[in-house]
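>>> take this sequence and fold it.
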Amino acid sequence: MNVLLVDIGNTRVKWARFDGRKLGSLQAASHSGWGGEDYARRVIGSVRGLERIVVASVAGDRVKRSVTLAARRARAPAPEFVTSQRRGGGVTVGYVEPWRLGVDRFVASIGAFHLAKGKPVVVVGVGTAMTIDLVDAHGRHRGGAIIPAPTLMVHTLLKNTDGIRRRAQGGVGGGNSLFGRSTRAAIMQGSRYAAAALIDRAVGEARALVGGRKPLVMLTGGGAPSVRPLVRSTCSSIPDLVLQGLAALCEQPARPPRAV
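Below you'll find the model as predicted:
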């Protein structure tokens, strides 16, 4: 098996080769301004002799068209764009309408379920938004929460509050604790602590839902490193969690990823 797995977020793209047993080294880049030629050269062209290209993308139709064009230019197989479904990779989605669950959350939940090996897991993605999902020991997705990630919290405050924006100009100094000693520090630390506190609250809520068993916590996404030091619950950072989920889907030929 020679498969290229691709995770396209709102700002970054991650990819790795999968040989049917293990993932290759993780590659990542910002895809802002990319067209078909960029995907062809930097992502698809990085792996020779491809049999499949499997993609989880939340970046919209324009990016999907660029990736499809890139595969054609590289004379590679047509990309298969995974969509959220009621069941896949051992996970049963708890949303009333499964297709409304973001495909990144769907696939990350699958990856987390397989890595957790029979334990409940809280899956946290920290990108533009921060998402929290609970998958129990049986693979049932029990629902989730979405809030602005710390970077978006900061951006929103600076954009929509004139007084805070003016006082936040002039640097980021002023301490690293919750109680910042400058407006800029107060905004940045407040957003990080808010995100971390929600994760810890989610662990407590999840524990009650899964019969008192403390869940694992898995963090992924570009913003995870800024939040993890503040989380009191034991957690692991898994940068390639979506790719792990895509790999799990590829290992189940009875339910292959569905092309769109």
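>>> just checking, what's the longest helix in the protein?
Ranked by residue count under DSSP state H, the longest helix found in the chain is helix 183-209.
>>> which residues touch the worst-scoring helix or strand of the chain on mean pLDDT?
Of all helical and strand segments in the chain, the minimum by mean pLDDT, DSSP states H and E falls on helix 162-168, at a mean of 87. Helix 162-168 has contacts (C-beta atoms under 8 Å, 6 or more residues apart in numbering) with 157-159, 182-184, 187. Every residue, glycine included, has its C-beta placed from N, CA and C.
>>> average model confidence for the longest helix of the chain?
Throughout helix 183-209, pLDDT has a mean value of 95.
>>> can you map out the strands along this structure?
With DSSP state E, the ranges of strands along the chain come out as 3-8, 12-18, 27-30, 52-57, 80-81, 87-88, 91-92, 121-126, 129-135, 141-148, 216-220, 236-237.
>>> contact partners of the fourth one?
By that I understand strand 52-57. Strand 52-57 is contacted from outside by 2-8, 44, 63-64, 67, 71, 76-82, 103-104, 106-107, 242, 245-246, 249-250, 257, using C-beta under 8 Å, 6+ apart.
>>> switch the cut-off to 7 Å
Here strand 52-57 makes contact (C-beta atoms under 7 Å, 6 or more residues apart in numbering) with 3-8, 44, 63-64, 67, 71, 76-77, 79-82, 103-104, 107, 242, 246, 250, 257.
>>> neighbouring strands - and their directions - for it?
For strand 52-57, the paired strands and their directions (DSSP bridges) are strand 3-8 (parallel), strand 80-81 (parallel).
>>> need those strands in JSON lines with distance to T131, can you?
Below are the strands paired with strand 52-57 laid out as JSON lines (distance: least, C-beta to C-beta, whole Å):
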{"stretch": "strand 3-8", "distance to T131": "14"}
{"stretch": "strand 80-81", "distance to T131": "20"}
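>>> redo those strands as TSV? Include mean neighbour count.
Compiled in TSV, the strands paired with strand 52-57 are given as follows (neighbours: other C-beta atoms under 10 Å):
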stretch	mean neighbour count
strand 3-8	26
strand 80-81	20
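>>> of these, which is nearest T234?
For those, the distance to T234 is smallest for strand 3-8, at 25.0 Å, taking C-beta to C-beta.
>>> angle of that closest one against strand 216-220?
Strand 3-8 and strand 216-220 are oriented at 80 degrees to each other (axes from the mean of the first three to the mean of the last three C-alpha atoms, to 10 degrees).
>>> can I assume F113 is in contact with A137?
No. Using C-beta atoms under 7 Å, F113 makes no contact with A137, being 9.0 Å away.
>>> the two: which is more packed in?
Ranked by neighbour count (other C-beta atoms under 10 Å), F113 and A137 place F113 first, with 28 against 16.
>>> got a list of what that one touches?
Going by C-beta under 7 Å, 6+ apart, F113 touches 90-91, 121, 135, 139.
>>> can you rerun that using 8 Å?
89-91, 121, 135, 139, 248.
>>> pull the distance from the longest helix of the chain to the chain's centre.
How far helix 183-209 lies from its chain's middle: 18 Å, per C-alpha atoms, centre = their mean, to the nearest Å.
>>> where does the stretch 101-250 of the chain dip in pLDDT?
The stretch 101-250 of the chain contains residues with pLDDT under 70 at 171-175.
>>> okay, and the beta partners of the closest residue to A202 other than its chain neighbours?
Among residues not flanking A202 along the chain, I132 sits closest, at 4.9 Å (C-beta to C-beta, 6 or more residues apart in numbering). With DSSP bridges as the criterion, I132 is bridged to V124, A145.
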